[in-house]
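[1] the sequence and its predicted three-dimensional model are supplied below.
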Amino acid sequence: MHLEHDPSAPACPNITFDDFLKVDIRVGTVVAAEVHEGARKPSYKLLIDFGPGIGERKSVGQLTALYSPEELVGRQVAAVVNFPERQIGKALSQVLTLGFSDDEGRVALFSPDKTVPNGSRLF
């Protein structure tokens, strides 16, 4: 599947509400961030705390253009927590951290504008 980054692209085909509920998007707080050494594209390895129900999960994200590791730690982010784990280079990614492309193709993170409890689900 190719993700469309063109803001003028049309919407995807309609889905049902039940289809939407299958995608488990939760908020968590980044507790650690470090450069993913040896990655093909510049990226970070993140450790994200999703609260007691899900716990801490690892993610790999191409966030180096807009964020330093220090800026990421303590920040709340949204992620899909029910995708299968994926090996990205030498790192295991357990969740898909969500973001949007800016005009230059850099990833800007998707996060709540107010602090919410870790593990809160997007609805």
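    Okay, I see it. Numbering: from 1, shown residues only.

[2] in the chain, which strand is the longest?
    Among the segments of the chain that qualify as a strand by DSSP state E, the longest is strand 25-35.

[3] can you give me the buried ones in that strand?
    The neighbour-count check on strand 25-35 (16 or more other CB atoms under 10 Å) flags I25, R26, V27, G28, T29, V30, A33 as buried. C-beta here means a position set from N, CA and C on the backbone, and glycine is covered the same way.

[4] the third one against R75, yeah?
    Pointing back at V27 there. No: V27 lies out of contact with R75 (CB atoms under 8 Å); the separation is 10.6 Å.

[5] what do the two both touch?
    Common contacts of V27 and R75 (CB atoms under 8 Å, 6 or more residues apart in numbering): S111.

[6] tell me which element the residue lying closest to G53 once chain neighbours are set aside is part of?
    Leaving aside its sequence neighbours, G53 sits nearest to G119 (CB to CB, 6 or more residues apart in numbering; 5.0 Å). Following DSSP states H and E, there is no helix or strand that holds G119.

[7] read off the pLDDT value for G119.
    Per-residue pLDDT puts G119 at 98.

[8] cheers, nothing more for now.
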